[in-house]
Every structure is written in C-alpha cells, then in structure tokens.
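> After the sequence you'll find the predicted model.
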Amino acid sequence: MFKQPSFIERILHSVVVAALMVETVGEAADTNEVSKPTADIGELTLEQLVNVRVTSVSKKETDLIDSPAAITVITQDDIRRMGATSLPEALRMVPGMDVAQITGSEWAVSARGFNNEYAGSLLVLIDGRTVYTPGSSGVFWDAQDMVMEDLDRIEVIRGPGATLWGANAVNGVINITTKSAKDTQGGMVSASYGTDDQPVTTVRYGGELASNLYYRVYGKYSDHPGLESSTGSSTADASTSLLGGFRLDYEPATQNTLTLQGNYYNETSGREVDLVTLAPAAVRPIDTHEYNSGENILGRWTRTFSEESQMTLQMYLDHSRQGDGVGEGTLNTFDVDFQHRFAIGTRNDVVWGGGYRETQVQNASSFFLTFNPPSQNLQLGNVFAQDDITLVRDRLHLTLGSKLEHNDVNGFEVDPSARLLWTPSKRQTIWAAVSRATQTPALAEHARFNVAAEQPPGGPPILVSILGNPNVQAETLLAYEVGYRIEATKRLSFDVTAFYNVYGNVTTEAPIPATFEVSPAPPHVLVGSMWEDIDSGDTYGTEASARWEPVDFWRLTASYTYLRMQLEPLTNPNLSNPQQQFQIRSYLDLPYHVEFNSALYYTDQISPLSGGTPAVISAYFKLDLGLTWHPTKSLEIGIWGKNLLQGEHAEFGSQESTLITEIPRSVMGKITFRF
C-alpha cells in the first residue's frame, strides 16, 4: 500500500529538489541576458513612481498607471521614512485599508469592510507563500515578523483578485516581496529603543558563495512592553519575538533564476481573556500567555524564454504552532504552484497555471472552544487562465480570466473576472472591472464557542454558546469597479476608484431555542446562536489619492476613503468599519543629509464587539513625526514620535476580552549601520 510521505520527509525532499535545480541551472544555463531593474525604488522620482512596475495585478510586470485595478505600492523608502516597525504599521499608508491596533502585538486589518481581529477577506502573501490560517480564515499578524530593512515593496490590491490568486482574495490581495540576496550584500546592524521598543535589534549579513550565487542570513530580536487600558490598569500584553532565516538567490546573466529561503520565528505575549466556567457559572478575566512559532522553507525556479514568455515553479512547506490561552493549533502545509506566460500573435498575452495545497490541521480543544473534528487533512487544487487581449494597440485592452478551484471545505468554486483598460493618452488610464470571488468558511465556524455563563437565583446555570454549523457555505462577492488615473504633470498625479460590491452567504449568528444540557457538567440551560450564512447585501465606496512634488526635495501624498455597508438582516453592519478615513504624508529632504517626515491620519468612530459586547471607539487623529540623518553612506540615525496628538487612544476591541487597550503616545530612536 502506498504510504503518504511525512511532513519532515517533504521538507527534505524540497531541499534536495532545490539543490538539484541549482545544479541543473548551473550546468544548462543559456547565455541570453535577461534585463533586470537596477534602480532602488526608494530613489525614484514621482513620475517614475507612477510608472513603477508591479506584478500583483496580472502575475506579470506592468506599469502601475496601466494596471486595471486599485493598487498601491508601499516602497522601502516609505517604510524607512515613517519608521514602520511592523507590516500593519506600513499598511496604514494604503488608501482603503482599515488598520487598527488591538493590543501591544495584535491587529485588525482589512480592506473595504468586514474588519475584525481575524478578518478573513484578505489574501496575504510573503514572497509567494500564503499566510493563511484555516481555523479563522484570517491572518495572525503578530506572527508575521519581518526584517523591515529587507522589504523591497508591498503591493496592495483593493478589490477581488480571486481569478489569479484564488479563494479568500475577496476584498484584497497583499503581496509582500523581500529583496533578492544579491541586493543585500555586506553587513547591516540596526538597533531601536523607545517607549514601545525595548529594544529591537537586527543583524544581517550577505555575500557571494559562488559565481552568481548570493546569500543572506539574518536574526532579529524584539521586546515590547505592555500597554494600559482606558482605566489606567496594565493590560499584561508585553511581548517578545525572535526571528531568524536565510535566503539564497542564483542569478546568472541567463534565462534561469533560483530562490531558496527559510525562516524560523517564535513570538510570545501576554493577554487578558475572559474565562468562562460552569462550576461556578461565571465569566472572569484572567491573564494568560499566547504564542506563535514556526518554520517554513520555499524554493522557486523561474525560466524566462523571452520578453513575452516566462515560466515559474514554486513550492513551500510551512509548519506553525499557535496558542492563546483558550485553544491551541498546529498547521503543516505543503504547497506547489506553477504558472506560464506566453504570447499568441501580437494581440494575446496569456497567463495560465495551477496549484495544489495540502494542510494538516490539529486543534486542541478547551471548554471555551471545541473543534469538530479536532484534526483534519485539507486539500486544495486549482487551475487558472487569463488572456490580456489588445483591442486597440496602446489604447484599449480587455482582460478575461477565471480560476477553477476545489477544496475540502466548500467544494468546487469558479471565480471569473473581466477587466477593461483604456489609455486615451500616455498619462491617463480609465479602467473598469467585474469580478467574482469566494471566501473559504473558517473551521471555527464548525466549532462551538462557550462565550458566557451565569447563575440565576434558584435555577440551573445558564451557558451562552455559539454553535458550529458544518453546512455553512462559502461567502460570495460580485464586485463592480471603475477607476481613473492621471499624471497631470511630472509633479502631480491623481488616482480615484469607485466600487460597488454585492455579497451573498455572509456568515452571521442566528438565535437558537433554549435547550437543557447535562454535558458538560453540571446540568445547565443552553442559550445562544448558531453560525448561519443568511446575510446578504451590498457595500459601496470610493478611494482617492494624490501625489504632489512641489519641488525636488519635497513630496506630499494625500488620500480619502469612504465606505458604506448595507447588509441584511444586520441592522448596522458598519459597526467595526470606519465610514471615512483620510491621511496626509510629507517627505521633506533638508540640507546636510537630513530628512523630516510626517503623517496625519484620521479614522472615523466605530463600535466593534469587545468580548461579545459592543464598544464605542471614538474617532481619532494620529500624528507621526520623524527626523533621520545620514552622516555617512553607511550610517543612519533616526528618531520618531508617534500618536503625538493624544496621550492615548483606543483603536479596536478584542474578541476574547471586554478590556480595551489604549494606544499611547510613543517615542523611538534607531541607529542603522551598513558595512
């Protein structure tokens, strides 16, 4: 009988395959040169930024201004100037993104609505590896630690991208790309210290192992003190994290390139959760610890046949462990992905491919959370194809495509899209799109949550629960989008997007009749709800941004976002999502290699659930200022002040506690030395 290989065997097999790929490429490399961008994206002018090359929209390089989607690129220069120490902090800069800090290490991140602690409508990729948790259908942002100096860019698509990227690319795709090892040669040491960083230290070194074979190794340690609640009490959410890894890039001046990279991470933090007990029947807050740890390895081979034809084969293995005081889980993921791009004549540019993923899920249940079944082996397979059709050369393009996907949670899904791109001039783009996307139901929607308990006088205990429903279907989205971009002058550009989304099978809680249970003991009355996919409705809004460079040494960026949600039978679906947001950022280069950077953010009032109870989070302004100095090419010294307008403010509520954390005013200093 065929024996399925173990997870460790798969890791060893991937390493061997990657090594053989290096050897094969080295022996059979062609001599045709492949052009590569050499300029640092952080050094581009505003005109060049408008025309920067992006890959997330079509899985091929296109100019940002000619991309038929709402896309924003966060560059390494943006991250460095604003002193962003985490991915969520960097994502605040994207129009249409709703980013809110929950505790010292936890975040709620979404695009175009449906924000919560485990928002599941975004697909997040780091160097091609999907960062996805089947239990919540979302992302544990506290586990996604990075060496921020090694980030090349973050491409963010607002709106569905399921045709190319698959399930869960519903309201957006976040594609995070790190630099090639070739671009990080030599050493780097950075250390930051402040009221919220005590300390954060990063060490990285890169070199050349053999001709055209480059490497880097790195390590990072972070220590963050705990924050306080609105009452001034400690929230016991201090955290520490350790990150280490390597990357190899084989980049000869030929048609073949190879990447092999791996990471290890271990993050622990404190947290207050509301503990539910039946004996006695009560809910009481306790301080607990949560952890996220894991390892992953990824290999990718790219062969470029010509400017119109390229093939990529990628595989990765990911092992992760997570626990938060109310439940624990382990994930083992194997993923392989293939894609091929080629031209048919002069009018058709085709991208097609397919992939397979297997995820072994093991969940340890508790009284608060019980999974059924506790262990599963989930498989996903897909194929996709997309054709970029030139209707009028240099003026009108029609892109048609679809992804066919099957997974063990919600079966077979088809996600088609059609995008029309009109460029009336080299500096103007008008685009429109109609797309369908689906979100895979979270395994937590099949689980039982015991969320509260009380002991009424003279009666049996009452247990409040949310019951799982294995019949929950995939949430669906039909999205209509239209956008306009214009480079009015070489110093001024605008980008406006409007969208109308129609949702179906949106999962919500439906009340259930009270029943009497004898297990778990003692006998009690069960009241509560069950997950049902009964909501439907629509959302609409607009996202506008502008870039202005009044002089060579000063750049301004501004954006405004409006969101309106209308779902039934929910009476107020806007609870967790600000209706309006805006931001203004300024980058000013001063004499003597000094930079003065600033950002002002505004977020509307929201009323998210905190420990199952609606809470009011007031509207707030957030002002960040930063000053950096480059006394030499190798040395950078910076100081930042964040949340300067208020001593503290709340941004979101936790699903597991009624305690609301206040985000304080903070100061941070950082020194970076390269050698």
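Looks like it arrived, so ask away. These numbers were taken from a predicted model, which means no experiment stands behind them.

> ok, Glu648 touching Thr661?
No: judged on Cβ atoms under 8 Å, Glu648 makes no contact with Thr661 at a distance of 9.2 Å. No exception for glycine: its C-beta is placed from N, CA and C like everyone else's.

> Can you check which residues contact both of these two?
Glu228 (Cβ atoms under 8 Å, 6 or more residues apart in numbering).

> Those two: who's more crowded?
Higher neighbour count among Glu648 and Thr661: Thr661, with 27 against 17, using other Cβ atoms under 10 Å.

> Roughly how far does the spatially most central residue of the chain sit from Thr133?
The centroid of the chain falls nearest to Val124 when counting by Cα atoms, centre = their mean (3.8 Å). As defined by Cβ to Cβ, to the nearest Å, Val124 lies at a distance of 10 Å from Thr133.

> go on, Trp629?
When Trp629 is compared with Thr133 (using Cβ to Cβ), they lie 41 Å apart.

> More neighbours: which of these two?
Between Trp629 and Thr133, Thr133 has the larger neighbour count (other Cβ under 10 Å), namely 21 against 14.

> what bridges to the more buried one?
The partner list for Thr133 in beta bridges (DSSP bridges) reads Gly138.

> residues touching it, list them.
Here Thr133 is in contact with 118, 139-140, 322, 331 (Cβ under 8 Å, 6+ apart).

> of all those residues, which two lie farthest apart?
Tyr118 and Leu331 (14.5 Å; Cβ to Cβ).

> any shared contact partners between Val124 and Thr133?
With Cβ under 8 Å, 6+ apart, Val124 and Thr133 have common neighbours Val139.

> one step back: which residues are contacting the helix or strand hosting the residue nearest to the centre of the chain?
Taking DSSP states H and E as the definition, one finds Val124 inside strand 122-126. With contact meaning Cβ under 8 Å, 6+ apart, strand 122-126 is reached by 109-111, 130-132, 138-139, 144, 146, 161, 165-166, 168-176, 178.

> which neighbours does it have in its sheet, and in what orientation?
Strand pairing for strand 122-126, using DSSP bridges, gives strand 129-130 (antiparallel), strand 172-178 (parallel).

> and among those strands, the most buried is which?
Mean neighbour count (mean count of other Cβ atoms under 10 Å) peaks for strand 172-178 among the strands paired with strand 122-126, with a mean of 23.

> buried ones in the following helix or strand past it?
Later in the chain than strand 172-178, the nearest helix or strand by DSSP H and E is strand 186-194. For strand 186-194, the neighbour count (16 or more other Cβ atoms under 10 Å) marks 188, 190-194 as buried.

> Report the strands that pair with strand 186-194, each with its relative direction.
Here, using DSSP bridges, strand 186-194 pairs with strand 200-210 (antiparallel), strand 666-674 (antiparallel).

> In JSON lines: those strands, plus mean neighbour count and mean pLDDT.
Listed next are these as JSON lines, based on neighbours: other Cβ atoms under 10 Å; pLDDT from 0 to 100:
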{"stretch": "strand 200-210", "mean neighbour count": "16", "mean pLDDT": "96"}
{"stretch": "strand 666-674", "mean neighbour count": "17", "mean pLDDT": "96"}
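
> TSV for those strands, including distance to Leu467?
Shown next, in TSV, are the strands paired with strand 186-194 (distance: least, Cβ to Cβ, whole Å):
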stretch	distance to Leu467
strand 200-210	43
strand 666-674	42
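
> how about those strands, which one is nearest Gln314?
strand 200-210 (21.7 Å).

> about what we covered before: of Tyr118 and Leu331, who's got more company?
Leu331 (20 against 17).

> I'd guessed that one sits against Asp318; true?
Yes: with contact defined as Cβ under 8 Å, Leu331 reaches Asp318; the gap is 7.1 Å.

> So for the two, which residues contact both of them?
Contacts common to Leu331 and Asp318, judged by Cβ under 8 Å, 6+ apart, are Gly294.

> what ranges of the stretch 451-600 of the chain fall below the confidence cut-off?
569-574 (pLDDT under 70).

> and Trp165, what are its phi and psi?
phi -100, psi -10 (degrees, to the nearest 10).

> give me the number of residues near it?
22.

> still on that earlier bit, with pLDDT, secondary structure and distance to Arg341 as new columns, can the contacts of Thr133 be given to me in CSV?
As requested, the contacts of Thr133 are exported to CSV (pLDDT from 0 to 100; DSSP: H, G, I helix; E, B strand; the rest coil; distance: Cβ to Cβ, whole Å):
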residue, pLDDT, secondary structure, distance to Arg341
Tyr118, 82, coil, 35
Val139, 89, coil, 28
Phe140, 88, coil, 33
Gln322, 89, strand, 36
Leu331, 93, strand, 31
